[in-house]
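> Would you be able to build a 3D model of this:
(2 chains)
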Amino acid sequence: MAEIEIYNLCKNYGDVKALDNLCLSVEKNGFYGLIGPDGAGKTSLMRIITSLILPDSGEISVGGLDPVKDYKKLRLKLGYMPGKFSLYPDLSVEENLRFFAGVFGTTINENYHLIKSIYSQIEPFKNRRAGKLSGGMKQKLALCCALIHKPEILILDEPTTGVDAVSRREFWDMLNEIRSYGITILVSTPYMEEAVLCDTVSLLFKGKVVESGTPKEITSRYSSTIYSVKTDNIPLALKVLRNIPGLMSVNSFGQNIHLVFKDENHSEQEITNFLTANNILDAELSRIKAGIEDSFIDYILKENKN
Amino acid sequence: MNNENIIEVENLVKKFGDFTANDNLCFEVRKSEIFGFLGANGAGKTTAIKILCGLLFPTSGKVMVAGYDVYKERNKIRKNIGYMSQGFSLYEDLTVKENIEFYAGIYGLKRTEIKTRFDDLVSKLGIEELKDKFVSDLPLGWKQKIAFSVAIFHKPQIVFLDEPTSGVDPITRRQFWDLIYEAVESGITVFVTTHYLDEAEYCDRVCIMAEGRIDAIGSPDELKSKYKSENMDEVFVKIARGTNKMNNK
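Next comes the predicted model:
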């Protein structure tokens, strides 16, 4: 049996369907990523898994336990890092960690090996109040507090939102290390370049899983041709290309623009001509393979149209 | 002050006790450009923005914003800027419409003016169904788009955006940047911080802070060639890792 097994899970807030017959399965020691637009249900799902809110209906098993009936046992097995910084801002770094260890009936020393490589980075500031830490350090401390009782399953709700690019990379290196201890990880992220670091990714939309698989499987299912347009004037090129006949979508990707048509009866020459006619003369064109961000945008646009 | 520059900063220092948050910053922002302000967490970006907005006094240095001095003319600065803070800047228990009326009222806009601009905004954003909802009931992406619209509702000369797209999904992030482009077209200068380095590519010029100092400044193309990088992500990592190495010594 999978470590997290969910079948037809529903959760409503009044008229709003937060989770709509959601199904999901996370293997033991899996590294599972959740992506999806705001309001897709990612946080509600995590709160149900962690036994913090109750589902309306459906079946759910986490670590072999029912989060509704066995929540006390389950919580001992779970580490949870909520999306909002939830440590005590007026306790020091060390006091926070000691508090979380104490609540779970353990000590910092007992499981120090699990957090050593992370905690050593914030240890020089162990007497600083948690509220006074920078964003990257807060995340590291929160991760330590979620790990100090040696959980079997770690649930992380957008742990790197608002964290700079370098600290984010370090954070994901740490997650890989944590996984090597046999811990199952379920993580949500708004950064698509992070999602591809998971072994399995699910795209949530309107409370359902609309796409799921390894990052490679997801991107290989993408069938349309993507034209990448490189130009110095991205805002102008975006504006111009929104009027190209047969357009499916046009989106900026850093220094390039990705252009997709509704059908395959188009050519690079046609795009070049269109751009030239609109006074964009520096465009370089190429056909590229889809990344996970292309897939994400494609799914959401299609689902929105349905 | 040079007419081309809307912000001029010379030798700006800000200390909190022993800690130097801004260490001798020198830069300028040109009229109608998108100026990206990047840096690791704790590098001093938010402190600098608060000084530019007249919310904090500098310890020393010269800072001019929209032609006004941050020491003596804070009220004039505030009338000429918009600010979308990190974290959230609308009242959750007011509706969208009430929020806008409240902010516009503070800036002294006339009732008829508020009504006209509000109707324009509703049709531009397509928020007919959302306008009477409480802000607390909106998804994050909408909150951010509306917060931005509120920040430029009084038509400021410059708008400061502190991580406006943090945590926002790929589609909404792009819609947000469309709003930025539109604001620039109408003549507003945009000063923006972000941790998404693809967004750094959309700026006219970018400045990268590390440990209170400015480590690099220039157009994305200039920085990429200077740091021999393919994209801004590489530039950022090279600069940030470089300073990390110095710390470990």
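
> going forward, measure contacts between C-alpha atoms and count neighbours the same way
Fine.

> so who does A:Lys262 touch?
By CA atoms under 8 Å, 6 or more residues apart in numbering or on different chains, A:Lys262 lies in contact with A:246-248.

> hmm, try it at 10 Å
The contact partners of A:Lys262, by CA atoms under 10 Å, 6 or more residues apart in numbering or on different chains, come to A:224-225, A:245-249.

> Not counting sequence-adjacent ones, nearest residue to the residue in the stretch 151-300 of chain A that chain B sits nearest to?
Going by CA to the nearest CA, chain B is nearest to A:Gly254 of the stretch 151-300 of chain A, at 3.9 Å. Excluding the flanking residues, the one nearest A:Gly254 by CA to CA, 6 or more residues apart in numbering or on different chains is B:Asp198, at 3.9 Å.

> List the contacts of the one residue in chain B that gets nearest to chain A.
Across chain B, the shortest distance to chain A (CA to the nearest CA) belongs to B:Asp198, at 3.9 Å. By CA under 10 Å, 6+ apart, the residues touching B:Asp198 are A:252-256, B:231-233.

> Make a ChimeraX selection of the buried ones in the contacts of A:Lys262.
Buried residues among the contacts of A:Lys262 (16 or more other CA atoms under 10 Å in any protein chain shown), as a ChimeraX selection:
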select /A:225,248,249
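
> Just the ones of the contacts of A:Lys262 in strands?
Mapping the contacts of A:Lys262 onto strands (DSSP state E) picks out A:247-249.

> Just the strands from chain B, written as ranges.
Counting by DSSP E, the strands of chain B are B:5-16, B:19-30, B:34-39, B:60-65, B:68-69, B:81-84, B:158-162, B:189-193, B:205-210, B:213-218.

> possible to save these as JSON lines with mean neighbour count, distance to chain A and mean pLDDT?
Below are these laid out as JSON lines (neighbours: other CA atoms under 10 Å in any protein chain shown; distance: least, CA to the nearest CA, whole Å; pLDDT from 0 to 100):
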{"stretch": "strand B:5-16", "mean neighbour count": "18", "distance to chain A": "12", "mean pLDDT": "97"}
{"stretch": "strand B:19-30", "mean neighbour count": "18", "distance to chain A": "12", "mean pLDDT": "96"}
{"stretch": "strand B:34-39", "mean neighbour count": "26", "distance to chain A": "7", "mean pLDDT": "96"}
{"stretch": "strand B:60-65", "mean neighbour count": "20", "distance to chain A": "24", "mean pLDDT": "97"}
{"stretch": "strand B:68-69", "mean neighbour count": "18", "distance to chain A": "30", "mean pLDDT": "96"}
{"stretch": "strand B:81-84", "mean neighbour count": "23", "distance to chain A": "15", "mean pLDDT": "94"}
{"stretch": "strand B:158-162", "mean neighbour count": "25", "distance to chain A": "10", "mean pLDDT": "96"}
{"stretch": "strand B:189-193", "mean neighbour count": "25", "distance to chain A": "11", "mean pLDDT": "97"}
{"stretch": "strand B:205-210", "mean neighbour count": "23", "distance to chain A": "11", "mean pLDDT": "95"}
{"stretch": "strand B:213-218", "mean neighbour count": "18", "distance to chain A": "15", "mean pLDDT": "95"}
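
> The helix or strand in which A:Leu285 is found near chain B at all?
Using DSSP states H and E, A:Leu285 sits in strand A:284-288. No - in terms of CA under 10 Å from any CA of the partner chain, no part of strand A:284-288 sits within range of chain B; the closest distance is 15.6 Å.

> And the next helix or strand past that strand?
helix A:292-305.

> Give me the contacts around that following helix.
With contact meaning CA under 10 Å, 6+ apart, helix A:292-305 is reached by A:35-37, A:191-193, A:195-196, A:201, A:203-206, A:210-211, A:215-224, A:226, A:248-249, A:251, A:253, A:258, A:260, A:306, B:169-171.

> Alpha carbons of that helix, in CSV - could you do that?
Extracted C-alpha coordinates of helix A:292-305, given in CSV (Å, rounded to 0.1, in the frame of the first residue of the first chain):
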residue,chain,number,x,y,z
ILE,A,292,6.8,21.7,-17.5
GLU,A,293,5.8,25.3,-17.5
ASP,A,294,4.6,25.0,-21.0
SER,A,295,2.5,21.9,-20.0
PHE,A,296,1.1,23.8,-17.0
ILE,A,297,0.0,26.7,-19.0
ASP,A,298,-1.4,24.5,-21.8
TYR,A,299,-3.5,22.5,-19.3
ILE,A,300,-4.9,25.4,-17.4
LEU,A,301,-5.8,27.2,-20.7
LYS,A,302,-7.6,24.1,-22.0
GLU,A,303,-9.4,23.4,-18.7
ASN,A,304,-10.5,27.1,-18.5
LYS,A,305,-12.0,26.8,-21.9
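
> Which positions within that helix qualify as buried?
Buried residues in helix A:292-305, counted by 16+ other CA under 10 Å: A:292-300.

> Now render those residues as a markdown table, adding pLDDT.
Putting those into a markdown table (pLDDT from 0 to 100) gives the following:
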| residue | pLDDT |
| --- | --- |
| A:Ile292 | 94 |
| A:Glu293 | 94 |
| A:Asp294 | 95 |
| A:Ser295 | 94 |
| A:Phe296 | 93 |
| A:Ile297 | 93 |
| A:Asp298 | 92 |
| A:Tyr299 | 90 |
| A:Ile300 | 88 |
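
> Is it possible to get TSV of these that adds distance to B:Ile217?
TSV is the format used below for the buried residues of helix A:292-305 (distance: CA to CA, whole Å):
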residue	distance to B:Ile217
A:Ile292	31
A:Glu293	29
A:Asp294	31
A:Ser295	34
A:Phe296	33
A:Ile297	32
A:Asp298	35
A:Tyr299	38
A:Ile300	36
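
> B:Tyr71: which of the residues you listed is nearest?
Ranked by distance to B:Tyr71 (CA to CA), the buried residues of helix A:292-305 are led by A:Glu293 at 45.3 Å.

> Quick check: beta-bridge partners of B:Asp69?
B:Met64 (DSSP bridges).

> That one contacts B:Ile77, correct?
Yes - between B:Asp69 and B:Ile77 there is a contact under CA atoms under 10 Å: 7.9 Å.

> which neighbours do the two share?
In contact with both B:Asp69 and B:Ile77: B:52, B:54, using CA under 10 Å, 6+ apart.

> Please see if stretch A:42-49 touches chain B.
No - for stretch A:42-49, no contact with chain B is found by CA under 10 Å from any CA; the gap never falls below 12.3 Å.

> any idea how far that stretch is from the chain center?
Relative to its parent chain, stretch A:42-49 has a centroid offset of 13 Å by CA atoms, centre = their mean, to the nearest Å.

> CA atoms only: put it into PDB for me.
In PDB, the C-alpha atoms belonging to stretch A:42-49 read as follows (Å, rounded to 0.1, in the frame of the first residue of the first chain):
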ATOM      1  CA  LYS A  42      -3.200  22.300  -2.700                       C
ATOM      2  CA  THR A  43      -3.300  23.700   0.800                       C
ATOM      3  CA  SER A  44      -6.700  22.100   1.600                       C
ATOM      4  CA  LEU A  45      -5.300  18.800   0.500                       C
ATOM      5  CA  MET A  46      -2.300  19.100   2.700                       C
ATOM      6  CA  ARG A  47      -4.300  20.200   5.700                       C
ATOM      7  CA  ILE A  48      -6.500  17.100   5.300                       C
ATOM      8  CA  ILE A  49      -3.500  14.900   5.000                       C
END
